[in-house]
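Student: let me see the structure of the following:
(2 chains)
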Amino acid sequence: MPDTLQTPAGHVRLGSNSGQPMTRRDGVAKVTGAATYAADNRPDGLAHAVFASAGIARGRVVSLNVEAAKSHPGVIEVITPDNRPALHLDPDGKSHPFSWRIEALQDKTVRYAGQPIALVVAETLEAATEGARLLAPEYETEPARIGFENGEAYDPPAVGIGGNPSFSKGNFDAGFSGSEHRIDASVDTPAQYHNAMEPHAIVAEWSGDHLVIDTPNQAIQMARGAFAGYFGIPPENVTLRSPFLGGGFGSKAIIVGPQILAILAARMLGRPVKLVLRRDQMFGPVQHRGATSQKLRIGTDGNGLIKALEHEATAATSSFDDFIEGAGNASLNMYASPAIITRHSAVRVDTGTPGPMRAPGEASGSAALEIAMDKAAEAVGMDPLEFRLRNYAETDPASGKSFSAKSLRECYELAAQKFGWSDRPLAPGEMRDENGMLVGWGMGSALFPAPMFAAQARATLRRDGTALVETSGADMGQGAWTALAQIAADGVGLPVDRIEFLSGTSDQPDGGIAGGSGHTASAGGALFEAGSNAVQKLADLATADPDSPLFGAGNTGVEAREGRLFRADDESRSESYADILERAGLETVDAMGSGGRDPANAEARAMFSHGAVFAEVKIDPDLFQIRVSRLIGAFAAGRIINPHLAKSQLTGGMIWGIGFALHEEGIHDLRSGRPLNADLAGYHVPVSADAPHVEALLVDEDDPYVNALGIKGVGEIGITGSVGAIANAVWHATGKRISSYPIHIDALLS
Amino acid sequence: MTLSISLSVNGESLSVPLEDPRTTLLDLLREHIGLTGTKKGCDRGQCGACTVLLDGKRINACLTLAASVDGTDVTTIEGLATGDTLHPVQAAFIEHDGFQCGYCTPGQIMSAVGLLSEGDAGADPERIREGMSGNICRCAAYPGITAAVLDAQRRQSENEGTSA
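Tutor: Residues are numbered from 1 along each chain as shown, chains lettered A, B, ... in the order given. Okay, the predicted model is just below:
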C-alpha cells in the first residue's frame, strides 16, 4: 500500500508549475495498474464481508436464516441487529452538518430497498456472497411511498447543506402581471445515482484501539474524525488512506453505513475485513441526486428585459433524513431581474437519503432555468443568446454585490463564435443535415459558486535542493496529485520535479474537502502559503547574515525561483537554498500554511465561475432517437492551474450534462419501492459513442478577490449549462418543449 | 477436492489451485494471483473495467469463470509495458489525458489494445468510439480516450509501415 505517490520515471511533462499543461504526475501509475485503490489492498488474514440488502422499501425484518448462512463452508460470522456490538455514537444522530443518518444494523426497521440488513463475513468473497443469499429474509411489509404524489410533504428548514430554502426580492406579482410577455415552465428531474466506477469499498484493520482503514474519501480528516466518533477513539488513533479515489462525484465525501459495518466486523473478528459494494448496492445506502419537480415563471417587457423571475422546486428526500436539492437557488445569481422569488418544498419517500452529486442544486436547477429562459426568448421573439445578454447580471441579482470577477460575456462570445451560432435560424424545425436528420441548436449559461474550505499544509525545504510538501488532499480524478504539486512548487520556488508531495492520507495536515469545486483553491492556497512561509524563513536567515550576498536586502526585497533567492533590485546577487541552509547549519526549514480568503472580500463580493454551452442535436425524424452531435462550452474560472487537466474536468462535466439530459434515471417501482434499474445496463450513463464532439474552451480571467491565487473551480460547472442547452437544441430541432428529464423518445412522439 | 488450473499470465506460466468453482477470472487475478490492476466495476459485464486479453482477444474477466481458462494465455494491464517502456496505448492515454480517476483505465487500455489488433476501426474516430463503448468512464474522459486510441493507431500503423 503506497502511502505516498510514487511517480515512476518516464511521465510526460509538457511544462512546469502553475499554468502549465503538464500531464498527470500519477499518469504512469494509472496506466500500468500500479495505482492502488482501496479494494486492491490485501492484508494478511483478510476476511471478506458482503451485506444482505433489504428486498422491501418499508417495514421490518422478522427473520433471517442465520443458521443456513453460518453453515455454508467458509462463512465465519453473521452480524445482525441481534448480535451487532454497540457503537459509541448513535447512527441516527447528526453530530455536524456533514453527517448523515446511516444504516448500521441499529434495528430491524427497513427504511428503503437496498438497506443493509445483515453482514456476512467469510474466508472468501464467494462464500460471503452465498452466505448473504442464504439468509433468505422474511419481512413485515408496509406500503412503499415512492414518487412526489405518494410521499409525505413538508417545508424544509434548509436546502443543500445549510442553504436558505426561500428568497424574495422586489415585487414579483406586480412585475409579472405587468409584464408584456409571460411564460411558465414545469420541469421534473429524476433520481440520479453517482455510480463512480469504483464501488464504495473499505479494508479495515484494528490493532488494539488503533484503526487503519483503506477507503476512498473526499474529505480525509473530516472522515477520520467521524469514524473515530462512531468507535469512541481519538481521531489520531485512526489512519485513513485514500491515495486514489475511483471517482467520487460527491458520494464519497460523507461516510456511509457499510463502512461502519466493515470496521465493526474487523473488530469483532480481530482480523482485517474487506467490504466492496456490488454495483446494485450503489443504488441505496450511498446517496444519490434527489428527484425534483420545478416550476418557473418569467415575465419580460417588450424589449426582452426580465421584470420578474420565480423558481419553485419540490425535492424528494428519505423518510429519515434531509437533503433537499436547492434547485430553485440556481435562479439567484445568473440573470438580472428586479423581482426574484425562489421557494422549496420537500417530500419524504422510501428511498435512501440523497446527497450532494456533482453540482448539487445548480445542475438540476439550471436544467430547468435554461428551458424557461429559452421559452421567454421565444415569447419575445429574440435570439436566445441575445436574450441572455439583454438580461446579463452586472452585479449579483440576489445580493446586489459586485462579482469578484465575471467573464461570462467573453464566454458567450468565444463559444458562440466557435460553434457558429450566428447562422442559427430563429424558428425551430428549419434545419436538416445531409442524412435528413432534424438538427437543432440550443444554448445554456453555466454557473457554479467558488467556495473555500479550511485547509492546512506543511512545506519543508531541504538542503539537497528539494522540498517536501504535505496536505491530505484527495484525487478523485480532478488531478490533485498534479495541480496541487504545481501550486506547491510555485510556493517554494522550485521546479515541480523537485517537489516530493505527500497527500491522500490522514498523516498529513488537513487538506480540507474535495467538494464544491473548492479543493484546488483551498488545499492549493494552503500549500502555496506554507511554501511562501518556509521561503520567508530562509530569506530571514540570509538577509540577516553578513556572509550572504543577500545581506541587508530586507525581507521584501527578495524573490524566490528555481531554488535560489534573488535580490529584487539586483539580479546578480543571489544565493541557493542549499547554501543558505548549509551556512546556517540546518538540514531543513519548514512552515505551515492555511490559505483562505480575505474576510473583507468574502463579505463584499459574490464569487462564481461562469460559462456558456452551445449544443447541436441530431434527431431521427421517424424514430426520434436523439444524438448530441456537438457540445461546445467556454468557461471562466479564475486562474487555471493546469489547462490540460481543467479541460478534462470541464468536458467530463459537459458529458454529465448529456447523461442528465438524455440518459440518467433511477427508477423505483411504485408498488414495491425497489429500484428497477440498479445496474449499468439499466441505469444509462454516457459512453464514448454518446459524446462525439465535446469541447471546452478556457477564457482568461484575473480574479483579484476570490483568494490570493485567484483560483476558482472547474469540477462541477461543466454540467450546469449543458443540460438546458441540449433540451433547448431538442426544441429547436423539433418544436417540442420537454417537461422532464431525461428526454425520452416518447416525449417527442406525442 | 481442490482443482488447479494452468495458465499463462503476462507471459508467466502459473499453476493456480482453484478452491472454489464459483471463482471468476477477475477474482482469480485480483484475490488469488494478486494482480489488482484489473478492476471490478460491476461484476456483470456491463462496464468493461475488468477487460483483459484472453488469447489476444478482449474479454470481460468478470464474466469468465476461472475454471474455463485452463491452458489459456491472459494479458492484464500489468503485462503491457516492456520494463519501463510503456506500450504505445499507455503512453497515448497519458499524453491525451484519456483518464481522470484512473479506475476504468486498465480496462479502457486493454480494450483499446484489443480493438487495434482487431483492425476493424482503422483511423475512423466514429468506429473507435463505437468499439470503445463497452468501456464506461464515469469521469467521461471520452474525448481524451478517443484521441489516445487514434494516436496509438497512427503510431502503430506507422511502425508497421516502416517494418514492412
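Student: residues contacting A:Pro338?
Tutor: By CB atoms under 8 Å, 6 or more residues apart in numbering or on different chains, A:Pro338 lies in contact with A:Lys169, A:Gly170, A:Gly175, A:Lys307, A:Ala308. Any C-beta I mention is one placed from the backbone N, CA and C, and that applies to glycine too.
Student: measure the third one to A:Leu296 for me?
Tutor: With the distance defined as CB to CB, to the nearest Å, A:Gly175 ends up 14 Å from A:Leu296.
Student: those two: which has the busier surroundings?
Tutor: Neighbour count, other CB atoms under 10 Å in any protein chain shown: between A:Gly175 and A:Leu296, A:Leu296 has more, with 26 against 22.
Student: from A:Tyr335, how far out is the closest residue to the more buried one other than its chain neighbours?
Tutor: Leaving aside its chain neighbours, A:Leu296 sits nearest to A:Ala372 (4.0 Å; criterion: CB to CB, 6 or more residues apart in numbering or on different chains). Applying CB to CB, the value for A:Ala372 to A:Tyr335 is 10 Å.
Student: which one's more surrounded, the two?
Tutor: A count of neighbours by other CB under 10 Å puts A:Ala372 above the other of A:Ala372 and A:Tyr335, at 25 against 22.
Student: list the helices and strands the host helix or strand of the more buried one packs on?
Tutor: Using DSSP states H and E, A:Ala372 sits in helix A:362-380. Packing partners of helix A:362-380 (3 or more CB pairs under 8 Å, 6 or more residues apart in numbering or on different chains; DSSP states H and E): strand A:181-189, strand A:292-300, strand A:306-318, helix A:384-390, strand A:438-449, helix A:717-734.
Student: the last one versus strand A:438-449: what angle between them?
Tutor: So that's helix A:717-734. In terms of direction (axes from the mean of the first three to the mean of the last three CA atoms, to 10 degrees), helix A:717-734 departs from strand A:438-449 by 150 degrees.
Student: beyond helix A:717-734, next helix or strand please.
Tutor: Scanning onward from helix A:717-734 (DSSP H and E), the first element met is helix A:745-749.
Student: quick one: contacts for the residue nearest to A:Leu296?
Tutor: By CB under 8 Å, 6+ apart, the neighbours of A:Ala372 are A:Ile183, A:Asp184, A:Ala185, A:Val187, A:Leu296, A:Arg297, A:Ile298, A:His311.
Student: extract the CA atoms of the helix holding A:Ala372 and return them as PDB.
Tutor: Included here for helix A:362-380 are C-alpha records, laid out as PDB according to Å, rounded to 0.1, in the frame of the first residue of the first chain:
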ATOM      1  CA  GLU A 362     -27.200  24.000  -9.600                       C
ATOM      2  CA  ALA A 363     -27.300  21.100 -12.100                       C
ATOM      3  CA  SER A 364     -31.000  20.300 -11.500                       C
ATOM      4  CA  GLY A 365     -31.900  24.000 -11.100                       C
ATOM      5  CA  SER A 366     -30.100  25.300 -14.200                       C
ATOM      6  CA  ALA A 367     -31.500  22.400 -16.200                       C
ATOM      7  CA  ALA A 368     -34.900  23.900 -15.600                       C
ATOM      8  CA  LEU A 369     -34.000  27.600 -15.600                       C
ATOM      9  CA  GLU A 370     -32.400  27.400 -19.000                       C
ATOM     10  CA  ILE A 371     -35.500  25.900 -20.500                       C
ATOM     11  CA  ALA A 372     -37.600  28.700 -19.000                       C
ATOM     12  CA  MET A 373     -35.100  31.300 -20.400                       C
ATOM     13  CA  ASP A 374     -35.400  29.700 -23.800                       C
ATOM     14  CA  LYS A 375     -39.200  29.900 -23.700                       C
ATOM     15  CA  ALA A 376     -39.000  33.500 -22.600                       C
ATOM     16  CA  ALA A 377     -36.700  34.300 -25.500                       C
ATOM     17  CA  GLU A 378     -39.100  32.600 -27.800                       C
ATOM     18  CA  ALA A 379     -42.000  34.600 -26.400                       C
ATOM     19  CA  VAL A 380     -40.200  37.800 -27.000                       C
END
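Student: that one vs strand A:292-300, what angle?
Tutor: Using the same axes, to 10 degrees: helix A:362-380 against strand A:292-300 is 30 degrees.
Student: angle of helix A:362-380 against strand A:306-318?
Tutor: 150 degrees.
Student: from the chain's centroid, how far away is helix A:362-380?
Tutor: Chain-centre distance of helix A:362-380: 23 Å, with CA atoms, centre = their mean, to the nearest Å.
Student: could you look up the SS state of residue 103?
Tutor: Went with chain A since none was named. Here A:Glu103 is coil, with the state taken from DSSP: H, G, I helix; E, B strand; the rest coil.
Student: gap between the nearest residue to A:His200 once chain neighbours are set aside and B:Ala140?
Tutor: Leaving aside its chain neighbours, A:His200 sits nearest to A:Leu277 (4.7 Å; criterion: CB to CB, 6+ apart). A:Leu277 sits 21 Å away from B:Ala140, going by CB to CB.
Student: higher neighbour count, those two?
Tutor: A count of neighbours by other CB under 10 Å puts B:Ala140 above the other of A:Leu277 and B:Ala140, at 30 against 25.
Student: hmm, A:Leu332 is touching A:Ala398, no?
Tutor: Yes: using CB atoms under 8 Å, A:Leu332 makes contact with A:Ala398 at a distance of 3.9 Å.
Student: ok, back up a step: the helix holding A:Ala372: which residues count as buried?
Tutor: A:362-380 (16 or more other CB atoms under 10 Å in any protein chain shown).
Student: any low-confidence regions in chain B?
Tutor: For chain B, the stretches with pLDDT under 70 are B:1, B:161-164.
Student: A:Phe528 touches A:Ala708, doesn't it?
Tutor: Yes: with contact defined as CB under 8 Å, A:Phe528 counts as touching A:Ala708 (7.2 Å).
Student: now chain B against chain A: closest residue?
Tutor: B:Gly37 (2.0 Å; CB to the nearest CB).
Student: ok, which stretches of the stretch 501-650 of chain A are strands?
Tutor: Applying DSSP state E, counting those that start in this stretch to the stretch 501-650 of chain A gives strands spanning A:558-561, A:564-567, A:570-576, A:588-593, A:605-606, A:608-619, A:626-636.
Student: do the stretch 51-200 of chain A as well
Tutor: A:59-63, A:75-79, A:109-110, A:116-122, A:138-141, A:152-154, A:166-169, A:181-189.
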